[in-house]
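Asker: This is a predicted model, with the sequence first.
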Amino acid sequence: MVRSDRTWSPTSIDLDWIEATGRPLHPVLIEMESVADPEGIPILSRDSGRMLAVLAANRRRVLEVGTAIGYSTLWMALALPPDGTVVTIDPDRARTDRARAFWRRAGLPDTRISVVNEPALDAFEGAAPELRGPFDMVFIDALKDEYLAYLAALMDRLVPGAVVVADNVLWSGRTSGARPSRPGDGSDALREFCARVSADPAFETAILPIGDGLLVATLRP
């Protein structure tokens, strides 16, 4: 008989131990963390970044929807094999210019990461050669109401076995109902996204309680 202790949850000591077992962070990642919090720039959690790096380690072409200052981009780019590349989409050129400066300080050549400065759905409808695919990993962290539309636009650009990752699916407890939500705050859209992807037989899907919640789905061959 397998027993599951559902009453236990990790303590701060456990989490500190987990962090201590990981490789030391690249100093540019630490710099980006120190900038993001006081400026109110949304970045994913450090443990979510470590998970992205694990998922990106054997990928060749990664697409990111939502760049901000490039924190998650850098986690993935540093983990990629030598011939791996990232395409990242964000309409805010001021932020992506800052991101490019961080990536250069981390030693990444400009050819490693391509930036598309358009709203994502407009970019997918356009003719940018960077977005033609195929991609073997997608990371979604942009407008919550558009998550399903992003995935729909990307399905024909994914290779079999591609991994789709979406951040903020717990939405600080609002998606599950642990905290109250309000109409239009993205909670309903995230619930629908999680339900649709989890029920889709084309994917093998799990929702991980890491950071603000990561949905990880593998496209079946």
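Answerer: Yes, it's here.
Asker: Please identify the buried residues of the helix or strand of the chain with the lowest mean pLDDT?
Answerer: Of all helical and strand segments in the chain, the minimum by mean pLDDT, DSSP states H and E falls on helix 12-21, at a mean of 91. Across helix 12-21, burial judged by 16 or more other Cβ atoms under 10 Å covers no residue at all. (Each C-beta comes from the backbone N, C-alpha and C, glycine too.)
Asker: before we move on, what SS does the residue nearest the centre of the chain have?
Answerer: Per Cα atoms, centre = their mean, the C-alpha nearest to the average position across the chain is that of Phe139, at 3.8 Å. The local conformation at Phe139, judged by DSSP: H, G, I helix; E, B strand; the rest coil, is strand.
Asker: My understanding was that it contacts Met76; is that so?
Answerer: Yes. With contacts counted by Cβ atoms under 8 Å, Phe139 reaches Met76, the gap being 6.8 Å.
Asker: Identify the contacts common to those two.
Answerer: Here Phe139 and Met76 share the contacting residues 52, 62, 64, scored by Cβ atoms under 8 Å, 6 or more residues apart in numbering.
Asker: Contacts for the longest strand seen in the chain, please.
Answerer: Longest strand in the chain by number of residues (criterion: DSSP state E): strand 158-167. With contacts defined as Cβ under 8 Å, 6+ apart, strand 158-167 is touched by 44, 48, 52, 55, 59, 72, 133-141, 147, 151, 154, 193, 197, 203, 211-221.
Asker: List the buried residues of the following helix or strand past that strand.
Answerer: Beyond strand 158-167 on the C-terminal side, the first helix or strand identified by DSSP states H and E is helix 187-199. Across helix 187-199, burial judged by 16+ other Cβ under 10 Å covers 187-191, 193-194, 197.
Asker: likewise stretch 29-42?
Answerer: 29, 32, 36.
Asker: right, and out of these, which lies closest to Asp83?
Answerer: Leu29 (22.5 Å; Cβ to Cβ).
Asker: And the closest residue to Arg191 other than its chain neighbours, what's its pLDDT?
Answerer: Counting by Cβ to Cβ, 6 or more residues apart in numbering, Arg191 lies nearest to Thr175, which is 5.5 Å off, once chain neighbours are set aside. Listed pLDDT for Thr175 reads 95.
Asker: One more: Gly133?
Answerer: Reading off the model, Gly133 has pLDDT 87.
Asker: Ok, Ser4 next?
Answerer: At Ser4, the model reports a pLDDT of 52.
Asker: So what's the gap between stretch 185-202 and the chain middle?
Answerer: Averaging C-alpha positions (Cα atoms, centre = their mean, to the nearest Å) puts stretch 185-202 16 Å from its chain's average.
Asker: Please report how far Asp14 lies from Leu25.
Answerer: Distance, Asp14 to Leu25, by Cβ to Cβ, to the nearest Å: 19 Å.
Asker: and what of Thr11?
Answerer: Taking Cβ to Cβ, one finds Thr11 at 22 Å from Leu25.
Asker: higher neighbour count, the two?
Answerer: Leu25 (16 against 9; other Cβ atoms under 10 Å).
Asker: just to revisit the earlier point, would you format the buried residues of helix 187-199 as JSON lines with pLDDT and distance to Ile89 included?
Answerer: Compiled in JSON lines, the buried residues of helix 187-199 are given as follows (pLDDT from 0 to 100; distance: Cβ to Cβ, whole Å):
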{"residue": "Ser187", "pLDDT": "94", "distance to Ile89": "24"}
{"residue": "Asp188", "pLDDT": "96", "distance to Ile89": "24"}
{"residue": "Ala189", "pLDDT": "96", "distance to Ile89": "19"}
{"residue": "Leu190", "pLDDT": "97", "distance to Ile89": "19"}
{"residue": "Arg191", "pLDDT": "97", "distance to Ile89": "24"}
{"residue": "Phe193", "pLDDT": "98", "distance to Ile89": "18"}
{"residue": "Cys194", "pLDDT": "98", "distance to Ile89": "22"}
{"residue": "Val197", "pLDDT": "98", "distance to Ile89": "20"}
